[in-house]
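Asks: for reference, the sequence and a predicted model appear below.
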Amino acid sequence: MKTFTAAITALLASTATAFAPAATTQASSQMCAMPERMWDSMVDKTERSKAVPFLPRPINLDGSMVGDFGFDPFYLSSIPKNFAGFIQPPQWEEVEGISTLYWMREAELKHGRVAMMAWTGWLAADGAFGPTPLRFPGSIYSVENVPDSFSAHDIMVQQGSMGFMLTAAFLIEISCGAVLVQVAKGESDREAGDFKLDPLRFLVDKSKDEVDLMKLKELQNGRLAMLAFSGVATQAALEGGNHAFPYF
């Protein structure tokens, strides 16, 4: 009986210690030691985004870059990351790196330029710009063998023409990646997306404001082209839709 009483007393004593002030103090100290949220470093709480006024401004979108209207509702531009590892393994050598904002502007310009060419090519091959569809010479690219742009992919794969196009795209990507390696090493101060390609000399003897205006036009047309190409491809692919221009 004495042993049973001692066991009950020890159990009650151990239970009571759970409510001791020392435990509460320790828990409070742990709460105070919690790290700051990453969100606090990703936004400027003193300003609102111009494009999305009910959200705080992304910390890196301060309006200094051409075409920056503060539109980044998912705050992808605020994620701290070195993108140099995407073009060469980081263990090869120490590099200064490529910032998130630089990488995203490079990607936006590349996708916009490809989309402008893709939208134009899709419609031109379907005869949207004249009475005759614009095609490469040769019977394998004729309307009889390739009736429309929507069907072109599968037909080009079967013909073997797609392999040549992918090889050309691969070589272009390798060439573009070379300059990004220089940027990552700090050997080039090149602006994102700038390949000094101006065969018609639109930018010769232009002021900085005029050059920035041309850059803005390219960005806005590229953004519109990405939406336009997505719309055309989706409309042409809809079940029961029309694969031929105007796709309705």
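Replies: Received the coordinates, thanks.

Asks: quick one, what contacts the most centrally placed residue in the chain?
Replies: The chain has M104 as the residue nearest its centroid, 5.3 Å off, counting by C-alpha atoms, centre = their mean. Contact analysis of M104 by C-beta atoms under 8 Å, 6 or more residues apart in numbering lists L76, S77. Glycine gets a C-beta too; all of them are placed from N, C-alpha and C.

Asks: what about 6 Å?
Replies: The contact partners of M104, by C-beta atoms under 6 Å, 6 or more residues apart in numbering, come to S77.

Asks: measure it to F229 for me?
Replies: Look at M104 and F229: by C-beta to C-beta, to the nearest Å, they are 19 Å apart.

Asks: cool, and E218?
Replies: Noted for E218: a distance of 16 Å to F229, by C-beta to C-beta.

Asks: neighbour count: those two, which is higher?
Replies: When neighbours are counted by other C-beta atoms under 10 Å, E218 and F229 differ, and F229 comes out ahead with 21 against 17.

Asks: in the chain, which spans are strands?
Replies: Taking DSSP state E to define them, one finds strands in the chain at 43-48, 56-58.

Asks: which parts of the longest helix anywhere in the chain are buried?
Replies: Longest helix in the chain, counting residues (DSSP state H): helix 208-237. Going by neighbour count (16 or more other C-beta atoms under 10 Å), the buried part of helix 208-237 is K215, E218, L219, G222, R223, A225, M226, A228, F229, V232, A236.

Asks: do the same with stretch 50-58
Replies: Buried residues in stretch 50-58, counted by 16+ other C-beta under 10 Å: P56, R57, P58.

Asks: any chance of JSON lines for those residues, columns pLDDT and distance to T167?
Replies: Putting these into JSON lines (pLDDT from 0 to 100; distance: C-beta to C-beta, whole Å) gives the following:
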{"residue": "P56", "pLDDT": "93", "distance to T167": "46"}
{"residue": "R57", "pLDDT": "93", "distance to T167": "43"}
{"residue": "P58", "pLDDT": "94", "distance to T167": "38"}
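
Asks: what's the pLDDT at the residue nearest to P80 when sequence neighbours are not counted?
Replies: Of all residues beyond its chain neighbours, the one nearest P80 is T100 (6.7 Å), with distances taken as C-beta to C-beta, 6 or more residues apart in numbering. What the model reports as pLDDT for T100 is 92.

Asks: double-check T100 against N82; I have them as touching.
Replies: No - in this structure, T100 is not within contact of N82 by C-beta atoms under 6 Å, at 8.6 Å.

Asks: all helices for this structure, in order.
Replies: Taking DSSP H, the helices of the chain run over residues 2-16, 21-32, 39-42, 100-125, 149-159, 161-185, 208-237.

Asks: and among those helices, the most buried is which?
Replies: Stretch with highest mean neighbour count among the helices of the chain: helix 100-125 (a mean of 18; mean count of other C-beta atoms under 10 Å).

Asks: and that helix with helix 149-159, angle?
Replies: Here helix 100-125 runs at an angle of 90 degrees relative to helix 149-159 (axes from the mean of the first three to the mean of the last three C-alpha atoms, to 10 degrees).

Asks: so that it lines up with my notes, have the first residue be 284 from now on.
Replies: With the count now opening at 284, the last piece we talked about shows up as helix 383-408.

Asks: helix 383-408: how far from the chain's middle?
Replies: Computed by C-alpha atoms, centre = their mean, to the nearest Å, the separation of helix 383-408 from the middle of its chain amounts to 11 Å.
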